[in-house]
Each structure stands twice: as structure tokens, then as C-alpha cells.
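Participant: based on what follows, work out the 3D shape:
(one chain, ligands or ions: 1)
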Amino acid sequence: MSDEQAVVCEGLRYSFGDTVAVDSLDLSVVSGEVFGLLGPNGAGKTTAIRCVTTLLPVPPGTVRVFGRDAATERMAVRRLLGYVPQQLSADSGLTARENVALFARVFDVPRRERRERVAQALDAVGLTDAADRMAGTYSGGMVRRLELAQALVSAPRLLILDEPTIGLDPIARTGVWEHIMAVRAATGMTVLVTTHYMDEADQYCDRVALMHQGRVRALGTPESLRADLRARRADGSAPTLEDVFREVAGSGLVEDGGEFRDVRRTRSTATRVG
Ligand SMILES: Nc1ncnc2c1ncn2[C@@H]1O[C@H](COP(=O)(O)OP(=O)(O)OP(=O)(O)O)[C@@H](O)[C@H]1O
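Facilitator: All right, here's what the predicted structure looks like:
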């Protein structure tokens, strides 16, 4: 990791009508780190990352990606990043190779490099052997890895993932993460990820921001956040990251139905693709 800032948000605020989805968000993601944006449904995670991707408009100077302004240099920002949205982005009627090739064209991968880059992206997510099968025959975990390959084919410096493992079984979740971590180790790319799964964040993220009702309530390494709570409790117990979140979010979690176990909506990728 270097000291270079991959993402900087300063005073980011985004509203949908009267609903303030993101409120005064200050964030900086260091180049090369895996940064997790955590929180229950409605916390503002998706809105925040959609501002970083330039899909939602923000005022100049509010969001920068590797120094490029998301408001005034939108195309430059887009060229730096790969984005795996929560919604399905693979076409069930195409093979995996065709899906990734489509993204290579959209993201302007030079024509003479495309075949090789598509093969590399599929290989990076462990789909070489299944590359010529229709995506409609894939399991949920394979679809997620295919979507990862689609985002990786443009060799992004910043990979943004919105709930990459939602609805997957534990083995498929581990598979998705292992491929993300292997690509990150090989390329040094920065990863910005949203998740409800505190255990995954604890295991894979270098730093996390705990978001609730549009605001960041705590920020740090998973270890430091757990250690701080342990020191505050002083009862010898070993708190989890979920315990930290419950403490910083207070009663608000229950009031708005934001219990973590309640919000693990099933993405059911395989079903939707099939
Ligand atoms: N297009 C929209 N129109 C109106 N309100 C929206 C829209 N998108 C999000 N919101 C509202 O903004 C707030 C933040 O939503 P957001 O999707 O950013 O949260 P989130 O933490 O990503 O949750 P989720 O995991 O459900 O995506 C919520 O109150 C949500 O209802």
C-alpha cells in the first residue's frame, strides 16, 4: 500500500427528495487497500458508491478518484474503475466469454488485446473451463465470479463491489473473496466494497467504515474497532465487529428494522439468470 489516495469524499451529501441517503460523508480510501463500507439496508452505502462511480451527480470537489474529480472528469474517473453492481449484470443468453468480451468492447479494451484480456479475466476468477457455457447454466457463485471478470477486463485501478456475496452459500462466498484477494495481490488494485456480512469484512477488509442512516459512525481497522470496544467494556469479553456496530448505531438499528439478520436479502442470482 502507498500513501496515494484512491478515493476521497469530502462532505458528500446526497438526497432523494426529502430522504437524505448520505449525510456529510468524509472518506478516504488509500491506494491498494481493501476498504469496506458496512451497514444495514438503507444506510446509504449504495448511494455513496454510486457517487464514486459517477452514476449519481455530485458537486465539484466532493468526490475524487486517484485525484480526478467525479463531477468534472467523469470519463477519466470511469476509466479508472471497475464496478460490480448489486443488480445482475450478466446476460443469461450469452456464454461467459461473450459476456466478458462485451464489457471489453464497452470499456474500450484495444481490439488486438481483447481476446487475451478476456481469457485472463476469466482465468482470474476460475472460469476458464466453463467459459464457453451459457451464463444461464451457472450457479449463483459462478455468476458472481463472471460479473467480477466483467469488471476486471478493463484492468481497473479501483474495483467497486456492491454486496458481492449477498445470497451466496458460504463456500461460494469464500470463492468470490479468494478471487478478489488473489487479483488484488497480483495487481495492487484498490477494492471498495459494501457488505452486510460483518464476518467477511472482518476477515478481508484492511479498514472499514460503519455506516448508519447516511453517516459514518465508526472508522478503522476491524482489529482496532474490536479492541476499542473491548477496552470500553472491560469485562473480558471478545466483541465481534457486529457488536461494535450495534454499539455505535445504538437503538436506531432496531427502530428502523435494520437488524443484520433481517436484511440479508437473497439476491438469488442463479434463479434470476436461469
Ligand atoms: N432511487 C431512489 N429513490 C428514492 N430513495 C432512494 C433511492 N435510492 C435509495 N433511496 C433511499 O436512500 C436511502 C439509502 O439507500 P441506499 O440504497 O444507499 O442504502 P444501502 O445502505 O445501500 O442499502 P441497501 O443494502 O438496501 O442497498 C434509503 O432510505 C433508500 O430508501
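
Participant: make it CA atoms for all contacts and neighbour counts henceforth
Facilitator: OK.

Participant: looking at the stretch 101-250 of the chain, which residue is nearest the ligand?
Facilitator: Evaluated by C-alpha to the nearest ligand atom, the stretch 101-250 of the chain has Gly214 as its residue closest to the ligand, separated by 6.8 Å.

Participant: how about the helices in the stretch 51-200 of the chain?
Facilitator: Here the stretch 51-200 of the chain has its helices, by DSSP state H, counting those that start in this stretch, at 74-80, 96-106, 111-124, 140-152, 170-187, 198-204.

Participant: most tightly packed of those?
Facilitator: helix 140-152 (a mean of 27; mean count of other C-alpha atoms under 10 Å).

Participant: run the angle between that helix and helix 170-187 for me.
Facilitator: 20 degrees (axes from the mean of the first three to the mean of the last three C-alpha atoms, to 10 degrees).

Participant: quick one on the thing from earlier: how about CSV for the helices of the stretch 51-200 of the chain, with distance to Arg50 and mean pLDDT added?
Facilitator: Below are the helices of the stretch 51-200 of the chain laid out as CSV (distance: least, C-alpha to C-alpha, whole Å; pLDDT from 0 to 100):
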stretch, distance to Arg50, mean pLDDT
helix 74-80, 11, 94
helix 96-106, 19, 96
helix 111-124, 24, 95
helix 140-152, 15, 94
helix 170-187, 20, 93
helix 198-204, 20, 94
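
Participant: distance to the ligand added to those, as JSON lines?
Facilitator: Output for those, formatted as JSON lines (distance: least, C-alpha to the nearest ligand atom, whole Å):
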{"stretch": "helix 74-80", "distance to the ligand": "20"}
{"stretch": "helix 96-106", "distance to the ligand": "24"}
{"stretch": "helix 111-124", "distance to the ligand": "27"}
{"stretch": "helix 140-152", "distance to the ligand": "17"}
{"stretch": "helix 170-187", "distance to the ligand": "17"}
{"stretch": "helix 198-204", "distance to the ligand": "13"}
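
Participant: with respect to Ser15, which of those lies nearest?
Facilitator: In terms of C-alpha to C-alpha, the element of these nearest to Ser15 is helix 74-80, at 20.2 Å.

Participant: now for the closest one, which elements pack on it?
Facilitator: In terms of contacts (3 or more C-alpha pairs under 8 Å, 6 or more residues apart in numbering; DSSP states H and E), helix 74-80 is packed against strand 68-69.

Participant: what's the distance between the strand it packs on and the middle of its chain?
Facilitator: Distance of strand 68-69 from its chain centroid, counting by C-alpha atoms, centre = their mean, to the nearest Å, is 20 Å.

Participant: which helices and strands sit right next to it?
Facilitator: Packing partners of strand 68-69 (3+ C-alpha pairs under 8 Å, 6+ apart): helix 74-80.

Participant: and the contacts of the helix it packs on?
Facilitator: Thr53, Thr54, Val65, Arg68, Asp69, Ala70, Phe107, Pro156, Arg157, Leu158 (C-alpha atoms under 8 Å, 6 or more residues apart in numbering).

Participant: which non-adjacent residue is nearest the first one?
Facilitator: Read it as Thr53. Leaving aside its chain neighbours, Thr53 sits nearest to Arg78 (6.6 Å; criterion: C-alpha to C-alpha, 6 or more residues apart in numbering).

Participant: quick one: the one you found from Arg145, how far?
Facilitator: Going from Arg78 to Arg145 by C-alpha to C-alpha, to the nearest Å gives 21 Å.

Participant: same check, this time on Val191
Facilitator: Going from Val191 to Arg145 by C-alpha to C-alpha gives 15 Å.

Participant: try Glu242
Facilitator: Glu242 is 27 Å from Arg145, by C-alpha to C-alpha.
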